[in-house]
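A.B. asks: Build me a model:
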Amino acid sequence: MKLKILLCIALFFLFISPASAAEKSPFFGVSATVVQVEDGTFEVKTKGEEENEGFVFSPKGVKGGETIVFEVQVKGNTAVYLLVDETDARGTFLAESVSAVIGLHDPWRTIQLEVELQDTTSQIDAMVLTNQKEKTTFMFRNVKMSVKK
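C.D. replies: Numbers count the residues shown, from 1 in each chain. Sure, this is the predicted structure:
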């Protein structure tokens with residue numbers, strides 16, 4: 001009887017897990033909503049209540065002292081910039097790197113920011129943010145974080 005119950009529980013989680021995993025996104029809104037509109041393509045709708053609205057991505061496996069490249073394809077009718085915040089293992093803020101403001105347009109555009117991480121960095125938050133207080137929508141895809149060799 002216990003074996004049947006355990007088997008039922010295992011099957012239940014097997015059927016539930018893929019659906020919930022598919023809905024979970026690695027991207028979080030910053031005073032904005034982030035919705036997947038196609039496979040791998042996301043739409044960001046800002047609230048327009050303040051500057052610096054958009055989305056954040058926190059990749060795993062970051063090592064201090066490396067030079068990384070944060071890259072993303074974007075399109076829309078607004079201006080954005082890239083921002084990378086670095087923290088140590090205790091969550092203490094270490095450094096911030098910011099790109100120039102980049103105007104978006106309808107064709108997809110690849111933008112990137114190269115960052116030399118502090119030696120004690122163990123976590124980063126990579127963001128794409130608006131530079132003006134405006135209610136706007138932009139799209140993104142192909143978010144990459146790579147180590148420069």
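
A.B. asks: how about the helices in this protein?
C.D. replies: With helices called from DSSP state H, the chain shows them at 2-23.

A.B. asks: tell me the strands in it, going along the chain?
C.D. replies: For the chain, applying DSSP state E gives strands covering 27-30, 32-38, 41-46, 54-57, 67-76, 79-87, 93-98, 102-103, 109-116, 123-130, 137-147.

A.B. asks: I'd like those strands laid out as JSON lines, including mean neighbour count.
C.D. replies: Bear in mind the C-beta positions are built from the backbone N, C-alpha and C, glycine included. Listed next are the strands of the chain as JSON lines, based on neighbours: other C-beta atoms under 10 Å:
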{"stretch": "strand 27-30", "mean neighbour count": "17"}
{"stretch": "strand 32-38", "mean neighbour count": "14"}
{"stretch": "strand 41-46", "mean neighbour count": "19"}
{"stretch": "strand 54-57", "mean neighbour count": "22"}
{"stretch": "strand 67-76", "mean neighbour count": "18"}
{"stretch": "strand 79-87", "mean neighbour count": "21"}
{"stretch": "strand 93-98", "mean neighbour count": "14"}
{"stretch": "strand 102-103", "mean neighbour count": "13"}
{"stretch": "strand 109-116", "mean neighbour count": "16"}
{"stretch": "strand 123-130", "mean neighbour count": "22"}
{"stretch": "strand 137-147", "mean neighbour count": "17"}
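
A.B. asks: I'd like those strands as a markdown table, with mean pLDDT appended.
C.D. replies: Below are these laid out as a markdown table (pLDDT from 0 to 100):
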| stretch | mean pLDDT |
| --- | --- |
| strand 27-30 | 96 |
| strand 32-38 | 95 |
| strand 41-46 | 97 |
| strand 54-57 | 97 |
| strand 67-76 | 97 |
| strand 79-87 | 97 |
| strand 93-98 | 98 |
| strand 102-103 | 96 |
| strand 109-116 | 97 |
| strand 123-130 | 97 |
| strand 137-147 | 96 |
